[in-house]
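# Make a model of this:
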Amino acid sequence: MWSGLNFTLSTDIGAIDLLGDVPGVGSFDDVVKGSEEIQLYGSAVRILGLDALERAKRAAGRAKDLLDLGEIAAIRARRSP
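Predicted coordinates:
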């Protein structure tokens, strides 16, 4: 299934979403700017930083995404000195 710049691929291990644009964040370049690098199983991967993740959750506006805003706030509080 596809919608604009976004595609969902069905695989044997589940669905994979390929996003050409992230609502609330923007294009690939904007996503990269709003991301941070972490180590995962010995490999460097980029994930959305908290600011970009919060913008994406707010833009999605679904109840399950809005509930995540509390978790994002809690992570921020734990990271604060």
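# In the sheet, which strands lie alongside the helix or strand harbouring Ile47, parallel or antiparallel?
In the assignment (DSSP states H and E), Ile47 maps to strand 43-48. Sheet pairing of strand 43-48 (DSSP bridges) gives strand 35-40 (antiparallel).
# mind checking how far Leu67 is from Glu37?
27 Å (Cβ to Cβ, to the nearest Å). To be clear about C-beta, it is placed using only N, CA and C from the backbone, and glycine gets the same treatment.
# Then Asp12?
29 Å.
# can you check Ala73 too?
The span separating Ala73 from Glu37 equals 23 Å under the rule Cβ to Cβ.
# Please enumerate the helices of the protein.
According to DSSP state H, the chain carries its helices in the segments 28-33, 50-60, 63-79.
# now these in CSV, with mean pLDDT, mean neighbour count and distance to Thr8?
Formatted as CSV, these follow (pLDDT from 0 to 100; neighbours: other Cβ atoms under 10 Å; distance: least, Cβ to Cβ, whole Å):
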stretch, mean pLDDT, mean neighbour count, distance to Thr8
helix 28-33, 94, 13, 18
helix 50-60, 96, 17, 15
helix 63-79, 95, 11, 17
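# could these be laid out in CSV, adding distance to Phe7?
Converted to CSV, the helices of the chain look like this (distance: least, Cβ to Cβ, whole Å):
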stretch, distance to Phe7
helix 28-33, 14
helix 50-60, 17
helix 63-79, 20
